[in-house]
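>>> below: sequence and its predicted model.
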Amino acid sequence: MNKLESIGMTAEIKKYFEEDRFQGYKLGRIALEHKHSFRVWLEEGEYLCTLSGKLTYEANSRDDLPAVGDWVAVKTSPGEMRGTIRGILPRKSKFSRKAAGQVTEEQIVAANIDTVFIVNSLNDDLNLRRIERYLLLAWESGSNPVIILSKADLEPDLETKLELVAGVAIGVPVIPVSVLVETGMEELQRYLAPGRTVALIGSSGVGKSSLVNYFSGYEKQLVQEIRESDDKGKHTTTHREMVLLHDGAVLIDTPGMREIQLWTGEEGFGESFADVDQFTEECKFRDCTHGNEPGCAVRSAIDEGLLDESRLASYKKLQKELAYIDRKVDKKAQAEEKKHWKNINKEIRQKTKYK
């Protein structure tokens, strides 16, 4: 296995790169994103790269720019460990959320990932509604989610917690772990096969950095104790970064997420709420709102104890949130398209003026 294969290069990626459009360039993978530059892993080592002017100018949205985990075409500078990113190869998956704040914009957390480790701490901060959000984003990303419940050695009622999480994680592996006593670590190891990429997602203080330290075999990240006063974690990771493990797998560590705002979720919704959807198909009316309509199979399931009322409430809330995001994105896309053509017309006028 060569170096690029060990960081996730597949036959498909290699074949696409070797097309004529990338002749004279080198293949690399984004390991770390700075404000105006990127750390890129190439066959020869790590390069500091900037974006080409053309790539920046032609980008209509954040989706058109590189993210950690992306495979890119790089024009290297002779005699220097520097280069220019000239192109982005097609992504097989991407974990995105709405960027924090009021602006309706996509934030790509990680690209080209095989598995998402959704890390939650087994303490008072365990939140089923938040897990539902993470799962929806994970399914939408095109990768496979695995729920990790950390600090298992501190939980006196583990079986109850596992049952609660399994109730919202339909068909998703739920693995309790403890780095301290090495519970569940062997189970996680099978997802970290050579050439595979795993992204660690979760709130601050849930134990992501401890997992990175364990699997990398050294103190890659500073691990801070959870504050006893409020049982919430302090930030330890401040940026998204790829970490190459000894066995050839790649871990993408990410900062703790204070806000888990949805971006898109049409495909992921069916996977996340398969239990609700199975009852909606049996409703008498196709446009049933699962309120007071006669023949509502969802309400019947709740009355019979087959479905939790809070699960339906979350289902409805996330549906409304996704509909709102879709409307905002559509308006933003229209505005960007208008701006794009305005710039083109401006260039044409300037060229005509100086002829």
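Noted; the coordinates are in hand.

>>> flag every buried residue along stretch 294-302.
Within stretch 294-302, the residues scored as buried using 16 or more other Cβ atoms under 10 Å are Cys296, Ala297, Val298, Arg299, Ala301, Ile302. Yep, even glycine has a C-beta here, placed from its N, CA and C like the rest.

>>> repeat for stretch 171-191
By neighbour count on 16+ other Cβ under 10 Å, the buried set for stretch 171-191 is Val172, Val174, Ile175, Pro176, Val177, Ser178, Val179, Thr183, Gly184, Leu188, Tyr191.

>>> from those residues, which land in helices?
Judged by DSSP state H, the subset of the buried residues of stretch 171-191 located in helices is Leu188.

>>> got TSV for the buried residues of stretch 171-191, with pLDDT too?
What follows is those, written out as TSV (pLDDT from 0 to 100):
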residue	pLDDT
Val172	91
Val174	95
Ile175	95
Pro176	94
Val177	93
Ser178	91
Val179	88
Thr183	89
Gly184	92
Leu188	94
Tyr191	94
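
>>> just flag the most distant two among the buried residues of stretch 171-191.
Using Cβ to Cβ, the pair of those lying farthest apart is Val172 and Val179, separated by 21.3 Å.

>>> wait, Glu271 sits on Trp139?
Yes: contact criterion Cβ atoms under 8 Å: Glu271 and Trp139 qualify, at 4.0 Å.

>>> before we move on, back to that, can you tell me which of the buried residues of stretch 171-191 is nearest Leu149?
Pro176 (4.6 Å).

>>> so what's the closest one up against?
Pro176 makes contacts with Leu122, Leu149, Ala152, Glu155, Leu158, Lys161, Leu162, Thr183, Gly184, as judged by Cβ atoms under 8 Å, 6 or more residues apart in numbering.

>>> okay if I get those as CSV plus secondary structure and distance to Ala199?
Shown next, in CSV, are the contacts of Pro176 (DSSP: H, G, I helix; E, B strand; the rest coil; distance: Cβ to Cβ, whole Å):
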residue, secondary structure, distance to Ala199
Leu122, coil, 21
Leu149, strand, 17
Ala152, helix, 21
Glu155, coil, 25
Leu158, helix, 25
Lys161, helix, 23
Leu162, helix, 23
Thr183, strand, 22
Gly184, coil, 18
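
>>> gap between Pro145 and Val72?
26 Å (Cβ to Cβ, to the nearest Å).

>>> buried residues, stretch 317-324. List them.
Leu318, Glu321, Leu322.

>>> kindly reformat the buried residues of stretch 171-191 as CSV containing distance to Leu32.
Listed next are the buried residues of stretch 171-191 as CSV, based on distance: Cβ to Cβ, whole Å:
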residue, distance to Leu32
Val172, 29
Val174, 31
Ile175, 28
Pro176, 31
Val177, 26
Ser178, 29
Val179, 24
Thr183, 31
Gly184, 29
Leu188, 23
Tyr191, 22
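
>>> so which strand or helix has the nearest residue to Val72 once chain neighbours are set aside?
Closest residue in space to Val72, ignoring its immediate chain neighbours: Ile85 at 4.9 Å, by Cβ to Cβ, 6 or more residues apart in numbering. Applying DSSP states H and E as the criterion places Ile85 in strand 82-88.

>>> what residue ranges in this structure score low on pLDDT?
Under the criterion pLDDT under 70, the flagged ranges of the chain are 1-2, 20, 98-105, 124-125, 218-238, 255-268, 324-355.

>>> domains in it, by residue range?
3-88, 94-253, 273-335 (automatic domain parsing).

>>> distance from the shortest one to the middle of the chain?
For domain 273-335, the distance from its own C-alpha centre to the chain's C-alpha centre is 24 Å (Cα atoms, centre = their mean, to the nearest Å).

>>> start the count at 54, not 1, going forward
Right, with 54 as the first residue, what we last looked at is domain 326-388.

>>> thinking again about what came up before, out of the contacts of Pro229, which end up buried?
Leu175, Leu202, Ala205, Glu208, Lys214, Leu215, Thr236, Gly237.

>>> out of those residues, which one sits closest to Ser114?
Leu202 (35.3 Å).

>>> isn't that closest one right next to Val227, touching?
Yes: counting by Cβ under 8 Å, Val227 is a contact partner of Leu202 at 6.7 Å.

>>> can you check which residues contact both of the two?
Leu215, Val218.

>>> need the contact list for the most centrally placed residue in the chain.
For the chain, the residue nearest the mean C-alpha position is Phe148 (2.5 Å; Cα atoms, centre = their mean). With contact set as Cβ under 8 Å, 6+ apart, Phe148 has these partners: Ile161, Val162, Ala163, Ala164, Ile166, Val169, Leu190, Ala191, Ser194, Ser196, Ala252, Ile254.

>>> and it, its phi and psi?
In terms of degrees, to the nearest 10, the main-chain angles of Phe148 are phi -100, psi 110.

>>> leaving out the residues flanking it, which one is nearest to it?
Among residues not flanking Phe148 along the chain, Ser194 sits closest, at 4.1 Å (Cβ to Cβ, 6+ apart).

>>> list the contacts for the one you found?
Residues near Ser194 by Cβ under 8 Å, 6+ apart: Ser146, Lys147, Phe148, Ser149, Ile166, Val169, Gly321.

>>> just among those residues, which is most surrounded?
Ile166 (28 neighbours; other Cβ atoms under 10 Å).

>>> gap between Leu80 and Leu211?
Distance from Leu80 to Leu211, by Cβ to Cβ: 45 Å.
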